[in-house]
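Visitor: what would the 3D arrangement of this be:
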Amino acid sequence: MEKVIEAYTGASSEGKKSRVPAKLDKALTISGVILAIFMMAHMFFVSTILFGEETMYAVTKMFELDFIFDGGLPIIVSVFVGIITAIFIVHAILGIRKFPTSYKTYLKIKEHSKMMKHTDTSFWMFQWISGLIMMFGATIHLYIMFTQPQNIGPYSSAHRVVSENMWLLYMVLLICVELHGSIGLYRAAMKWGWFDGNNPKATRAKMLKAKKILSFFFLALGFITLFAYIKIGIERADQLPMKYHPINSVEIIKK
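Guide: Coordinates of the predicted model:
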């Protein structure tokens, strides 16, 4: 119980300042950076659909270690998703410490943000709001990927987006995840002074510009990719969501 109190107050039972909050902040940063890098890699993976259905299928099988096991093992994807989910849960628990504890507190923070008109303060506001949304939305997506790794592919994924009406969830997640990740990387760099150099103020301006470019790039790539899956899903809306066949580009239908 004392550790929990220290984490929130920064003071130990002996009256000394505790290092626990700083350690928890470091853990929050580390887990956040890992997730941000993963999400960028994930976006590049799903965007392979833009190079064609066969390309996306080949990359999918690569993650299933098709080059080692004939036909690939979807369970490998489940293991990887399980690891990412564990990191996500840890990050969420650590992030909850930053959430307003009541609606009254939220109103005070919002009023403070409007008064300050400070970019980093506004970023922090978006961080915890988008984080709250992702705690619910991302959990749904991770559960589906964990339990249905065999249904990752050009046709099955497109079917899930359109016929199972997941496009709306993915659109919300796209905005929250990409902005949350880029803002998180920016705030972490500013907080820990990774690139301060001799002129921290100039570095902040450069990092803010890099953050905007990163956000724009991944949002644009994300929406273009999502529309590509929607297009395939609409074209195949009247067909069963079976596996893509790399040989003759037709679906193997099993009844």
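Visitor: now do the strands in this protein.
Guide: Ranges of strands in the chain, per DSSP state E: none exist.
Visitor: so where is it shaky, pLDDT-wise?
Guide: 1-16, 112-114, 116-121, 241-242, 245, 247-255 (pLDDT under 70).
Visitor: just want the most central residue of it.
Guide: Central residue of the chain (Cα atoms, centre = their mean): V177, 4.3 Å from the mean position.
Visitor: name the nearest residue to that residue, sequence neighbours excluded.
Guide: Distances taken as Cβ to Cβ, 6 or more residues apart in numbering place M39 nearest to V177, at 5.6 Å, with adjacent residues excluded. In short, each C-beta sits where N, CA and C put it, glycine included.
Visitor: cool, T55 as well?
Guide: T48 is the one closest to T55 (Cβ to Cβ, 6+ apart), at 5.0 Å.
Visitor: got the contact list for the one you found?
Guide: 55-56, 59 (Cβ atoms under 8 Å, 6 or more residues apart in numbering).
Visitor: could I get the residues you listed as a markdown table with neighbour count and distance to T147?
Guide: As requested, these are arranged in a markdown table below (neighbours: other Cβ atoms under 10 Å; distance: Cβ to Cβ, whole Å):
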| residue | neighbour count | distance to T147 |
| --- | --- | --- |
| T55 | 13 | 26 |
| M56 | 27 | 21 |
| V59 | 17 | 21 |
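Visitor: how near is the residue nearest to E53 when sequence neighbours are not counted to G71?
Guide: Excluding the flanking residues, the one nearest E53 by Cβ to Cβ, 6+ apart is P154, at 3.9 Å. P154 is 17 Å from G71, where distance means Cβ to Cβ, to the nearest Å.
Visitor: next: S31.
Guide: From S31 across to G71, the span is 34 Å (Cβ to Cβ).
Visitor: the residue nearest to V177 is in contact with C176, isn't it?
Guide: No. Counting by Cβ atoms under 8 Å, M39 stays clear of C176, with 10.7 Å between them.
Visitor: in contact with the nearest residue to L179 once chain neighbours are set aside: list those residues for me.
Guide: Leaving aside its chain neighbours, L179 sits nearest to S215 (5.7 Å; criterion: Cβ to Cβ, 6+ apart). Neighbouring residues of S215 by Cβ under 8 Å, 6+ apart: 178-179, 182-183.
Visitor: between those residues, which is nearest E235?
Guide: For the contacts of S215, the closest approach to E235 (Cβ to Cβ) belongs to E178, at 26.4 Å.
Visitor: how close does the residue nearest to the closest one when sequence neighbours are not counted sit to F136?
Guide: For E178, ignoring the flanking residues on the chain, the nearest one in space by Cβ to Cβ, 6+ apart is F218 at 4.5 Å. To F136, F218 is 22 Å away according to Cβ to Cβ.
Visitor: before we move on, back to that, got CSV for the contacts of T48, with distance to G222 too?
Guide: Formatted as CSV, those follow (distance: Cβ to Cβ, whole Å):
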residue, distance to G222
T55, 18
M56, 15
V59, 17
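Visitor: kindly indicate which of those residues lies nearest D25.
Guide: For the contacts of T48, the nearest to D25 is V59 (35.7 Å; Cβ to Cβ).
Visitor: wouldn't the closest one be in contact with F44 here?
Guide: No. Taking contacts as Cβ under 8 Å, V59 lies outside contact range of F44: 9.3 Å.
Visitor: residue contacts, the residue nearest to the centre of the chain?
Guide: With the criterion set at Cβ under 8 Å, 6+ apart, V177 makes contact with 39, 130, 134, 138.
Visitor: just checking, the second one touches S182?
Guide: When you say that, I think you mean S130. No. Counting by Cβ under 8 Å, S130 stays clear of S182, with 11.0 Å between them.
Visitor: circling back: from the contacts of V177, which land in helices?
Guide: Counted as lying in helices by DSSP state H, out of the contacts of V177, are 39, 130, 134, 138.
Visitor: quote the end-to-end distance of stretch 190-201.
Guide: Its first and final residues considered, stretch 190-201 spans 10 Å by Cα to Cα, to the nearest Å.
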